[in-house]
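Engineer: sequence first, predicted model second:
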Amino acid sequence: MASKKVLTKCKFEEGEKVLCYEPDPAKTKVLYDSKVLKVVPEKDEQGRKFCKFLIHFQGWNSTWDRYVTDEFILKDTEENRKLQKELAEEAQLTPGGNLYRKERKKRVVKPEPKPVVIEPATISIDDKSMVEDENVPVPVDTILLPKRRLPDLEFPDNLKYHTGYNCYLVHEKNTLVQLPCQPNVVTLLESYLKYLARNNFSDNKATKKKRQPEVLDKKQLEKRYIICVEVLDGLRICFNTFLFRKLLVNEDEQAQYYEALKVTLQPPVNNIISQNGEQDYDNTQNGEELDTHENKNNAKVKRENTRSSTSQYASSQQTCSDCSLTKSQCSKIVKDTFEKARDEYVSKADSWKAVPDSAYDEEIKQPAIIYGVYHLLRLLENLPKILANTEVDGEKLSIVYSYSNGLLQYLSTQSDLFGMQYYVKNEMDSTVKSSASNRNHRNHKNT
């Protein structure tokens, strides 16, 4: 009964058919036929109560379901239906707001300014095929038909809410994300690698299904480490490449970027991201219990003695049958050798830097050291469309999806990354925006 009383204070109810605005301000403002799946009472930073609504867009895949506030939702009335039709006509959409008309007229458009050129980098995943050619300007209003349609990444519900609310604040409340961000995109990617290193460089879904943690040899760990670094570095390059094309939603954000370039940046001194979800390696392996009667100090001494002889691991399978060692003792040899290799790659991950410290001193700074989690989420929202225009497919595509989805799961556990403290009031005056517009024009003219 208590929950019903709370829900009656909200403007819309679960199961109600409504009209919902497109939550992404970068897209055309239209109204979609929608349904309220869930109503969640919340409190803002000042303790004021409000409701957020999980919206399903009719005819769309459930991966597009979004949490929005009531500002995005209208009652399904005749008057609002007329508004929906008017907006659809302006956007040249079908009345339901789901499909572009085939007879859409071709328009002459101005090319979008060339993005900031970032230093070349190598990606062994299909020879840099994760990113487009940085030297080819892309028209702003041109609809690029992708080579294929790829599924969206799996956004946890709390990240859906944060991305939707971020769009609302920037588009409707004249608010900007405070720059430069701490932690920035580079720090977030580095922290994710540290987290992966403590989970054998695999996503949590595969690990949680197993009763026992994986035991890998050094070559397997090395292969996973290399793949992780390649994917994360590819995401960094994607972020730098597509910032102006897809991630900045208006002129104010573009002007803000140029202002941020004037700020002196310092490399982060230490990792400020918590490593939630680190696995605990228990005392069982391969279904067998290890000896537990020894105290921890003796176990540590034995582990060091075992690690001094790597040949024991190579012959461990023979030892079980050819000598008096028990299965549990053999399992312990394997486990200790694995832990030594794992510790080595944890150390590598802890020291890995996505960019050198000198990148913070460059005159034209990489977007990845200026922006943070909100714009990284914008990239991950757009990543399937970006990949759809590349040659990445098969196993390579699965790897990119796996680690990108894992990154989303990781970010969803970092609640300290989100909040109104990371926003500022938009104070970009016309002079600053005009200067930014002129710089964009000059960049395009020089291409």
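Structural biologist: Perfect, I can see it now.
Engineer: residue boundaries of the helices in the stretch 101-250 of the chain?
Structural biologist: 157-172, 185-197, 204-208, 218-242 (DSSP state H, counting those that start in this stretch).
Engineer: ok, now the stretch 251-400 of the chain?
Structural biologist: According to DSSP H, counting those that start in this stretch, the stretch 251-400 of the chain carries its helices in the segments 251-260, 296-307, 311-314, 316-322, 327-351, 373-388, 394-412.
Engineer: what ranges do the strands span in the stretch 1-150 of the chain?
Structural biologist: 17-21, 31-43, 49-57, 66-69, 73-75 (DSSP state E, counting those that start in this stretch).
Engineer: mean confidence for the shortest one?
Structural biologist: It stands for strand 73-75. Summarised as a single mean, pLDDT over strand 73-75 is 94.
Engineer: that older thread, weakest of the helices of the stretch 101-250 of the chain in terms of mean pLDDT?
Structural biologist: For the helices of the stretch 101-250 of the chain, where the average pLDDT is lowest is helix 204-208, sitting at a mean of 45.
Engineer: domain parsing for the protein?
Structural biologist: 7-91, 157-277+352-445, 290-346 (automatic domain parsing).
Engineer: before we move on, the earlier item: worst mean pLDDT among the strands of the stretch 1-150 of the chain?
Structural biologist: strand 66-69 (a mean of 83).
Engineer: what's that one packed up against?
Structural biologist: Applying 3 or more Cβ pairs under 8 Å, 6 or more residues apart in numbering; DSSP states H and E, one finds that strand 66-69 makes contact with strand 49-57, helix 157-172. Glycine gets a C-beta too; all of them are placed from N, C-alpha and C.
Engineer: just the CA trace of that strand, in CSV.
Structural biologist: Extracted C-alpha coordinates of strand 66-69, given in CSV (Å, rounded to 0.1, in the frame of the first residue of the first chain):
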residue,chain,number,x,y,z
ARG,A,66,15.4,4.6,-21.2
TYR,A,67,14.8,6.2,-17.8
VAL,A,68,13.5,9.8,-18.2
THR,A,69,11.9,12.4,-16.0
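Engineer: name the strands paired with that strand and say parallel or antiparallel.
Structural biologist: strand 49-57 (antiparallel) (DSSP bridges).
Engineer: now do the strand it pairs with against strand 17-21, angle only.
Structural biologist: Angle of strand 49-57 versus strand 17-21, following axes from the mean of the first three to the mean of the last three Cα atoms, to 10 degrees, is 90 degrees.
Engineer: which residues touch strand 49-57?
Structural biologist: The set of residues external to strand 49-57 that reach it, using Cβ atoms under 8 Å, 6 or more residues apart in numbering, is 9-12, 18, 20, 32-44, 62, 64-70, 72-73, 98, 157, 161.
Engineer: which residues of the stretch 201-350 of the chain score low on pLDDT?
Structural biologist: By pLDDT under 70, the low-scoring segments of the stretch 201-350 of the chain are 201-217, 270-342.
Engineer: if we go to 50?
Structural biologist: 205-211, 277-322 (pLDDT under 50).
Engineer: related to what we said a few turns ago, out of the domains of the chain, which is the most enclosed?
Structural biologist: Highest mean neighbour count among the domains of the chain (mean count of other Cβ atoms under 10 Å): domain 157-277+352-445, with a mean of 17.
Engineer: re earlier: can you list the domains of the chain in TSV and add distance to residue 150?
Structural biologist: Formatted as TSV, the domains of the chain follow (distance: least, Cβ to Cβ, whole Å):
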stretch	distance to residue 150
domain 7-91	11
domain 157-277+352-445	4
domain 290-346	31
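Engineer: ok, residue 151 to residue 65 distance?
Structural biologist: 14 Å (Cβ to Cβ, to the nearest Å).
Engineer: also residue 427?
Structural biologist: 35 Å.
Engineer: before we move on, what about residue 381?
Structural biologist: In terms of Cβ to Cβ, residue 381 sits 13 Å off from residue 65.
Engineer: residue 247 reaches residue 376, doesn't it?
Structural biologist: No - at 9.0 Å, residue 247 and residue 376 do not qualify as touching, with contact defined as Cβ atoms under 8 Å.
Engineer: for the helices and strands packed on strand 66-69, which one sits closest to residue 365?
Structural biologist: helix 157-172 (21.6 Å; Cβ to Cβ).
Engineer: ok, and what's touching that closest one?
Structural biologist: 23-25, 52, 54, 65-69, 71-72, 155, 175-177, 249-250, 253, 374, 377-378, 381, 408, 411-412, 415, 418, 423.
Engineer: angle of that helix against helix 394-412?
Structural biologist: Counting by the same axes, to 10 degrees, helix 157-172 lies at 80 degrees to helix 394-412.
Engineer: dump helix 157-172 to PDB, keeping only the CA atoms.
Structural biologist: This file holds the C-alpha atoms of helix 157-172, laid out as PDB (Å, rounded to 0.1, in the frame of the first residue of the first chain):
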ATOM      1  CA  ASP A 157      19.600   0.700 -15.900                       C
ATOM      2  CA  ASN A 158      21.400   3.200 -13.700                       C
ATOM      3  CA  LEU A 159      23.600   4.200 -16.700                       C
ATOM      4  CA  LYS A 160      20.500   4.600 -18.900                       C
ATOM      5  CA  TYR A 161      19.200   7.100 -16.300                       C
ATOM      6  CA  HIS A 162      22.500   9.000 -16.000                       C
ATOM      7  CA  THR A 163      22.800   9.400 -19.800                       C
ATOM      8  CA  GLY A 164      19.200  10.500 -20.200                       C
ATOM      9  CA  TYR A 165      19.500  13.000 -17.300                       C
ATOM     10  CA  ASN A 166      22.800  14.300 -18.700                       C
ATOM     11  CA  CYS A 167      21.000  15.000 -22.000                       C
ATOM     12  CA  TYR A 168      18.200  16.700 -20.200                       C
ATOM     13  CA  LEU A 169      20.500  19.000 -18.200                       C
ATOM     14  CA  VAL A 170      22.600  20.000 -21.200                       C
ATOM     15  CA  HIS A 171      19.700  20.500 -23.600                       C
ATOM     16  CA  GLU A 172      16.900  21.800 -21.400                       C
END
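Engineer: returning to that earlier point: what's the closest of the strands of the stretch 1-150 of the chain to residue 367?
Structural biologist: strand 66-69 (25.2 Å).
Engineer: need the contact partners of that closest one.
Structural biologist: 20, 23, 40, 50-55, 57, 157, 160-161, 163-165, 168.
Engineer: hmm, back to that, now the strands of the stretch 1-150 of the chain as JSON lines including distance to residue 392?
Structural biologist: Output for those, formatted as JSON lines (distance: least, Cβ to Cβ, whole Å):
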{"stretch": "strand 17-21", "distance to residue 392": "33"}
{"stretch": "strand 31-43", "distance to residue 392": "30"}
{"stretch": "strand 49-57", "distance to residue 392": "28"}
{"stretch": "strand 66-69", "distance to residue 392": "27"}
{"stretch": "strand 73-75", "distance to residue 392": "37"}
